[in-house]
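Student: what would the 3D arrangement of this be:
(2 chains)
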Amino acid sequence: MSQYLCHDFKTPRTDMSRRLPGSMRVVPIFFYAVALATAFFVFNDMRALQQAEQDRLAAIARKDEYLAAKTTLDSEKTTIDAELFRAEAVAKWVEGTRVLQPITVAIARAVPLETNITELNLERSADLPAQVSMLVRLNNSTLAEVAKIESSVNRLHYRSFSPSQAKQGDLIEFRSMLVWQEH
Amino acid sequence: MNGKKLACVVLMIFIGIATYAGQIVHQKAAAKRTEAETAESDANAAKSELEIAETRTTKLRYDSDELRRFLTAWTPHIDRVQTQSEVEESILASLRNASMLILSQKFEVRDNRATPVIPKIVRASLVLEDDYAKTLNWVGELERRLPLARMMNCRITGGENGRQVHAEITLEIPLINLLAEMPVVASATTKKPSA
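Tutor: Got it, this is the predicted structure:
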């Protein structure tokens, strides 16, 4: 049998520490609560962190994709602009290349056989190539021929500006500025 | 301080460390979320810019279609005359084919500074004397053969006899460079060097 007394509750025990004060008893409970809360929040934050990283990478990839597409469009715009620049220059030139031969033929056909065209001069304006200065000298003719010339030129869609005519005996000099008119 | 109190202090230290670590992770997550939101907003801005560029390019493509088709239609004519010798050859061949009597011919190249698309212009001055109908037919044929030629002057007077005419013709034929680039306009916002 043991030598120590087992049922002596009155004698103070020297081999045991004293009880904790009441305020400190909540510390272990608080520790577990904080440990659980921290685990919960850290888990959530880690998931949010991973999700945010994935979102960030996806957004960067989309941005790069948009920028690449925009670069392609910008390059296409540059190409079109350059093409337009060339086309406008060519169109501007072509605007002043309307054929003159039909005018000469129309004038020749407008005058009767007995009238001589002593001179026919068509001169294109250097600054405004769409405008053509016309000079016709007729011999043995009347002013009626001038009207015929004007109407035949009008039929070719040229409008006659500031026409002037001078008559000296049988010689008639007719000057006019011809401007092409769209239909 | 007994062992129980010491254990409480250690637990409180653990509580502090856990709270601090939790805050750090939370701040990191918040910062990463902010970064993701910024990247998302940048992507949306890039998308808006792309949509604007798409609209602008589509409009430009649509608006310029006619002019670009015009250029495509004229390209074969432009490619046909690229040098002075090709212009001369073309004009002289048409004169030979029509058996025209040439009194004089002169070809000169002039620089054109108006546009880089037409850097040079060949000016052909011809004096001819031949049958009236033949001459006018030749003029028509030349204008058909060289549609880019600009007849600057056509003076027709009487020839040696009643059937003949004396024609003085000046033509300008452009040597077009279809690879010409648009001139770069200097930016108005360019800073001037300080004195």
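Student: quick one: contacts for B:Glu168?
Tutor: By CB atoms under 8 Å, 6 or more residues apart in numbering or on different chains, B:Glu168 lies in contact with B:125-127, B:153-156. For every residue, glycine as well, the C-beta is placed using N, CA and C.
Student: I should have written B:Glu49 there, sorry.
Tutor: B:Glu49 sits next to A:66, A:70 when contact means CB under 8 Å, 6+ apart.
Student: kindly provide the distance from it to A:Asp74.
Tutor: 10 Å (CB to CB, to the nearest Å).
Student: show me which of the contacts of B:Glu168 are buried.
Tutor: Among the contacts of B:Glu168, the ones that count as buried by 16 or more other CB atoms under 10 Å in any protein chain shown are B:126-127, B:153-156.
Student: go through the residues you listed and flag which are in helices.
Tutor: Per DSSP state H, helices hold no members of the buried ones among the contacts of B:Glu168.
Student: can I get those residues in a markdown table including pLDDT and distance to chain A?
Tutor: Converted to a markdown table, these look like this (pLDDT from 0 to 100; distance: CB to the nearest CB, whole Å):
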| residue | pLDDT | distance to chain A |
| --- | --- | --- |
| B:Leu126 | 94 | 14 |
| B:Val127 | 94 | 14 |
| B:Asn153 | 93 | 5 |
| B:Cys154 | 93 | 5 |
| B:Arg155 | 93 | 5 |
| B:Ile156 | 92 | 5 |
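Student: among the residues you listed, which are in strands?
Tutor: B:126-127, B:153-156 (DSSP state E).
Student: residue ranges of the strands in chain A, please?
Tutor: A:116-124, A:131-139, A:158-168, A:171-180.
Student: ignore what I typed, I meant chain B.
Tutor: B:102-111, B:120-131, B:150-158, B:164-175.
Student: can I get those strands in TSV with distance to A:Lys10?
Tutor: Below are the strands of chain B laid out as TSV (distance: least, CB to CB, whole Å):
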stretch	distance to A:Lys10
strand B:102-111	127
strand B:120-131	127
strand B:150-158	133
strand B:164-175	127
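Student: ok, which of those comes nearest A:Val153?
Tutor: strand B:150-158 (14.2 Å; CB to CB).
Student: convert that closest one to CSV, retaining C-alpha atoms only.
Tutor: Taking Å, rounded to 0.1, in the frame of the first residue of the first chain, the C-alpha atoms of strand B:150-158 are listed here in CSV:
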residue,chain,number,x,y,z
ARG,B,150,-2.1,65.5,-121.0
MET,B,151,-2.3,67.4,-124.3
MET,B,152,-1.2,70.9,-123.2
ASN,B,153,-1.3,72.5,-126.6
CYS,B,154,-2.8,71.6,-130.0
ARG,B,155,-2.4,74.2,-132.7
ILE,B,156,-3.6,73.3,-136.1
THR,B,157,-3.1,75.6,-139.1
GLY,B,158,-3.2,75.1,-142.8
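Student: which other residues reach it?
Tutor: A:93, A:96-97, A:99-100, A:104, A:116-124, A:126, A:129, B:123, B:135, B:139, B:143, B:164-174.
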